[in-house]
Structure formats: structure tokens, C-alpha cells
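**Q** Structure for this input, please:
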Amino acid sequence: MVLASLVAIAAMTTWMSWRTEQILLASYRQQVVMVADRFAEDVRYYNAIMPADEALHRVIDHRTTGDLGMWVTTAQGDLLAQSETLNMGSWQTSGVAADLLRIELDEGVEIRPIQAWLFVICVEPLRIAGLPNAILHIANDITAEYQGLQQLIQMLWLTGLGMVTLLAAACAVYIRRTLRPIRRLNHLASQVTAETLNDHQLNLRAAPTEVQELARSYNLMLARLAQAWAQQKRFANDISHELRTPLSLVQGYLESTLRRGSNLTPPQRQGLEVAAVETNRTVHLLTELLDLARIDNGQLALKLEPVDLKEVVKEAIAMAEGDHLPTADAASRIVLDAQSPAPMVKADRPKLRSVLVELIDNALRYSPPPQPVQVKLLTRQGWAMVQVHDQGPGIPVECQDAVFDPFYRVDESRSRSTGGSGLGLTLVRSMVEAMAGQVSLRSQPGQGCVFTISLPI
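**A** Here you go, the predicted structure:
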């Protein structure tokens, strides 16, 4: 708007300046032409009662003003008569009078600058009885008027620039006030999370109608999202709770049948074993879903207390070794690198141990034997860190942010037996963040992964 206004005002000022100058110069041309036309009539009138040369001087004296000079020359350039204006001090001392008398002019009217002066000069033939063929010269000094016009044009430009400046300031204030609720909306939208959907309603009173409609739509969207999120969490919580109980009963019956089924045929025993394994996996998945739903609902009870991080790491390593060593052909592949003294952190000991077991278990699963899994304990700037480094295939950069999402798999073709349930890393992140910690991942394809748990010391 400011740029368009500037262009419009500049164009209007330019046109007005040019048009005013043309009108002013045209009026002065018309004035000297009128004086030239009446000059011959006046000389003829006086010639009837006095000699021609005396009539010529009298008309020149009557028509001359302070800014108007006249002189009459013969066709050969001899001076017949001139006005007293050409003898004035300012005209003489500046040399303008001499320049005017020496200048060669064609018949007609023209505007010519002489030194720092500006003249409208008219040249017409003069034929009077009793006089030789003569030429009338009229020079009208319009320097003052032209300078006044330039000052007027300058004033127009300054006025236009002032108007544009005021318009720019008014537009800036108006747009700033108009965009203030949109900035607030943007700020609130950047802070919205799944857990704070109901805490970021936008209430605008002094705002344009369109912005108020946008705020109402924004609040309605948040309300619908909050309702959908609550339904989703309630559904996951309810279905996990409702299904876990009957599946636990089925798991118990299957295990009891296997223990007491000495009369089972091999195919029957194999089928029951497969059913028991899948039931156990499903119960584990439902347990993870229930824990995740409780964390999202804020219903997971955490007993935060000072714990020795090194001891918890050793317990987690022992549990992970217990799960993997019976099927391994070599000694423990887990290498612990812990500094002394061990840092103390405020955490829920069982939950932190289960988190570390999950990460170490994943590292053992994806690192081909006999590649080691490195567990490193260190401190940095008030944080205690546990790094679990595997020797697996690694994770592409574009997939690293999504590995913590529920049921996400980097390799879609990976089976559940080798890829887990898809909730382990989600629970890891949720539990660590519930303990005021952070989880990060650093990985490159072909160079393994480094998962880092950071907890405040």
C-alpha cells in the first residue's frame, strides 16, 4: 500500500508540476504576444499626431515595466529605440542587457535562459509609416515567477512525501494491531501439545471480524482435537485393560495344560506352545499399551528417589544377559564403561531399569554375534548420561525422529519376532521424559546406533 501510494503521489505530483509549468509559461508567451500585437497599433495611433520616431519612443515608455524590456532594430541590426529597463542597474551590472542586444533571435516566441535569468522573448517585424522596416524585440523577465514555481513544486513533493510517511505510519500501526491476535494465535499454536489442547483457547475481543472468526475456528479445532485425543487415550486404556485379563487367563490355562499334558501328541504340544508364545507376546503388548496410556493420562505413578545410576545399569545388564545368554554361544557381549564416582540421579528405579533393559535388549538383538554392545556411563554439564552403542545396520537420518513413534518400523518387512512390538522405544521416551530426562539417537547406516538417556544429576 505504501509503495503504491508513493508511486501514485509521485506520478500525480510530477504531472501537476509539469502541467503548472506549462500553463505558467504559456500565459507569459501569450502576454508578450499580446504586447507585441498592441505595440504596432499604439505606434500607429501616436504617429497620427506626432512623428514616427517620437511615437515609437512614447509607446516604448508606456509599455515598459520593471521586468519587461523592449528595443527596436532595423533589418540590418541598427538600434532605433530601446526601453529604460535595459539601462537599469541590475540589467547593466549583470551584463544581461548587453547579452540581450547581442543575441540573434528568430521571429516568434521562445523561452531562453540568459546567465541566471529566464526570459520570454518575442521577435516580430514592425512596419510603421515613416520608419524603415524594423524588428520589435520584447524580453519579459520571469525569473522570480519561475523560481516561485520551483518552490511550489518542491513543496508539492515534500507534501507528497509527508503524506506517504503518515500513510506508512498509519498502515504500520493498523497492521500491527490487526496482526497482534494472529501473532498470539501463532504463539499459542506453537506451544500446543496433545496434553495441553484445552489450555490454549484463544479469547479475542478487540480484533477485526475476520480474525475473531479465525480464533473461533481455532478454538473449535482445539476442542475437537482434545475430544478426539481423550477418546483415543480412553479407548487404548480400556481395550488394553479389558483384553489383558482374559488373555492372562488363556495364558495360564495354556501353560498349565503344557505342564500337565503328558498324554499330548507332538503336534498338539507344538500347537499349544505356539499359542502360549503368541498369547504371552500379546499380553506383553497390551501391558505396554496400558503403560503408555497411563503415561499419557498422567496416571502412571512414579516413585522418584535418589538412585545410584551405575548400580541400576549393572542390574539392567544382568537382566539383559539373562534373557540372551542361554541362546548364545559366547560369553557376555555387553561391555560396560563407567566412570567413578557414579552419579546420583532422581528416578524411579524399576522403571529406569526396565528402560535400560529395553535399550540393551534392542542392541543385542540388532548386533550380529559376536559383535559387542557398549554401555557407557558419563556426566556432562549437570546431566548423567547412559549411552548404549550397538553394531547393527543403523537407522537412516530421515527415520530417526520416527523410531520413537508407536508401532513404527524402519524396515516394514521385519517380522515381529525380530522387530519387537513397536512400542518399546515409545515407552522408553515416555518414561524417561516423565522422570524429567531426555532420550536422543545418533546413527548412520552401516555404523550402528547410539541411544543416549540423559537425567539431571
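**Q** hey, let's count contacts and neighbours off CA atoms from now on
**A** Will do.
**Q** which element follows the longest strand that the chain contains toward the C-terminus?
**A** The residue-count maximum for a strand in the chain (DSSP state E) belongs to strand 117-126. With elements assigned by DSSP states H and E, the helix or strand that comes after strand 117-126 is strand 134-141.
**Q** got the angle between the next helix or strand after that following strand and strand 117-126?
**A** Next helix or strand after strand 134-141 toward the C-terminus (DSSP H and E): helix 143-191. Inter-element angle recorded for helix 143-191 and strand 117-126: 130 degrees (by axes from the mean of the first three to the mean of the last three Cα atoms, to 10 degrees).
**Q** Tell me the helices and strands packed up against helix 143-191.
**A** In terms of contacts (3 or more Cα pairs under 8 Å, 6 or more residues apart in numbering; DSSP states H and E), helix 143-191 is packed against helix 2-47, strand 117-126, helix 209-260.
**Q** which of these is buried the deepest?
**A** When you average the neighbours per residue for each of those (mean count of other Cα atoms under 10 Å), strand 117-126 leads with a mean of 21.
**Q** List the neighbouring strands of that strand plus their orientation.
**A** In the sheet, strand 117-126 lines up against strand 108-114 (antiparallel), strand 134-141 (antiparallel) (DSSP bridges).
**Q** how about JSON lines for those strands, with mean pLDDT and mean neighbour count added?
**A** Formatted as JSON lines, those follow (pLDDT from 0 to 100; neighbours: other Cα atoms under 10 Å):
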{"stretch": "strand 108-114", "mean pLDDT": "86", "mean neighbour count": "14"}
{"stretch": "strand 134-141", "mean pLDDT": "87", "mean neighbour count": "22"}
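**Q** Serialize the ones you listed to a markdown table and add fields for distance to Gln270.
**A** Below are the strands paired with strand 117-126 laid out as a markdown table (distance: least, Cα to Cα, whole Å):
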| stretch | distance to Gln270 |
| --- | --- |
| strand 108-114 | 117 |
| strand 134-141 | 122 |
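**Q** Export the helices and strands packed on helix 143-191 as TSV, with columns for mean pLDDT and distance to Glu278.
**A** Formatted as TSV, the helices and strands packed on helix 143-191 follow (pLDDT from 0 to 100; distance: least, Cα to Cα, whole Å):
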stretch	mean pLDDT	distance to Glu278
helix 2-47	84	71
strand 117-126	87	107
helix 209-260	78	9
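**Q** Serialize the ones you listed to TSV and add fields for distance to Lys376.
**A** As requested, the helices and strands packed on helix 143-191 are arranged in TSV below (distance: least, Cα to Cα, whole Å):
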stretch	distance to Lys376
helix 2-47	62
strand 117-126	93
helix 209-260	35
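**Q** of those, which approaches Leu167 most closely?
**A** Among the helices and strands packed on helix 143-191, the nearest to Leu167 by Cα to Cα is helix 2-47 (6.9 Å).
**Q** So which elements touch the closest one?
**A** helix 52-63, strand 108-114, strand 117-126, strand 134-141, helix 143-191.
**Q** and the next element down the chain from the helix or strand bottoming out on mean pLDDT in the chain?
**A** None of the helices or strands of the chain scores lower by mean pLDDT, DSSP states H and E than helix 416-419, at a mean of 49. Downstream of helix 416-419, the next assigned helix or strand under DSSP H and E is helix 424-434.
**Q** Quick check: mean pLDDT of that following helix?
**A** Here helix 424-434 scores 86 as its mean pLDDT.
**Q** domain parsing for the protein?
**A** For the chain, the structural domains run 2-152, 209-297, 305-456, going by automatic domain parsing.
**Q** Turn those into a markdown table, columns for distance to Leu179.
**A** Below are these laid out as a markdown table (distance: least, Cα to Cα, whole Å):
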| stretch | distance to Leu179 |
| --- | --- |
| domain 2-152 | 17 |
| domain 209-297 | 9 |
| domain 305-456 | 33 |
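**Q** Identify whichever of those domains lies nearest to Leu202.
**A** Of all the domains of the chain, domain 209-297 sits nearest to Leu202, with 6.2 Å by Cα to Cα.
**Q** any idea how far that closest one is from the chain center?
**A** Once both centres are worked out by Cα atoms, centre = their mean, to the nearest Å, domain 209-297 turns out to sit 44 Å from its chain's centre.
**Q** need the helices for the stretch 251-400 of the chain, in chain order.
**A** With DSSP state H, counting those that start in this stretch as the criterion, the stretch 251-400 of the chain has helices at 266-297, 309-324, 349-366.
**Q** Straight-line length of stretch 48-56, end to end?
**A** End-to-end distance for stretch 48-56, by Cα to Cα, to the nearest Å: 12 Å.
**Q** So what touches that stretch?
**A** Residues from elsewhere that reach stretch 48-56 (Cα atoms under 8 Å, 6 or more residues apart in numbering): Val43, Arg44, Tyr46, Asn47, Ala81, Ile128, Ala129, Gly130, Leu131.
**Q** out of those residues, who's nearest Val313?
**A** Closest approach between these and Val313, by Cα to Cα: Ala81, at 121.6 Å.
**Q** you'd agree that closest one is up against Trp71?
**A** Yes. If you go by Cα atoms under 8 Å, Ala81 and Trp71 touch, sitting 5.5 Å apart.
**Q** For the nearest residue to Ala215 once chain neighbours are set aside, which three-state class applies?
**A** Once flanking residues are discounted, Ala215 sits nearest to Leu202: 6.2 Å by Cα to Cα, 6 or more residues apart in numbering. Three-state call for Leu202 (DSSP: H, G, I helix; E, B strand; the rest coil): coil.
**Q** and Leu202, how far is that from Glu288?
**A** According to Cα to Cα, Leu202 stands 36 Å off from Glu288.
**Q** Ala144 now?
**A** From Ala144 over to Glu288 (counting by Cα to Cα), the distance is 95 Å.
**Q** Of these two, which one has the most company?
**A** Remark: of Ala144 and Glu288, Glu288 carries more neighbours, 19 against 12, as counted by other Cα atoms under 10 Å.
**Q** List the residues that contact the more buried one.
**A** Counting by Cα under 8 Å, 6+ apart, Glu288 makes contact with Leu423, Gly424, Leu427.
**Q** out of everything not next to it in sequence, what's closest to the second one?
**A** Meaning Gly424. Once flanking residues are discounted, Gly424 sits nearest to Glu358: 6.6 Å by Cα to Cα, 6+ apart.
**Q** quick one: that neighbour and Gly422 touch, right?
**A** No. Using Cα under 8 Å, Glu358 is not in contact with Gly422; the gap is 11.6 Å.
**Q** Extract the C-alpha set from the longest strand of the chain and format it as CSV.
**A** Presented in CSV, the C-alpha positions along strand 117-126 are these (Å, rounded to 0.1, in the frame of the first residue of the first chain):
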residue,chain,number,x,y,z
TRP,A,117,17.9,34.8,-15.6
LEU,A,118,15.0,33.4,-17.5
PHE,A,119,13.3,35.4,-20.3
VAL,A,120,10.2,35.0,-22.5
ILE,A,121,11.4,36.7,-25.7
CYS,A,122,9.1,37.7,-28.6
VAL,A,123,10.5,38.9,-32.0
GLU,A,124,8.1,40.4,-34.6
PRO,A,125,8.5,42.5,-37.7
LEU,A,126,7.4,46.1,-37.3
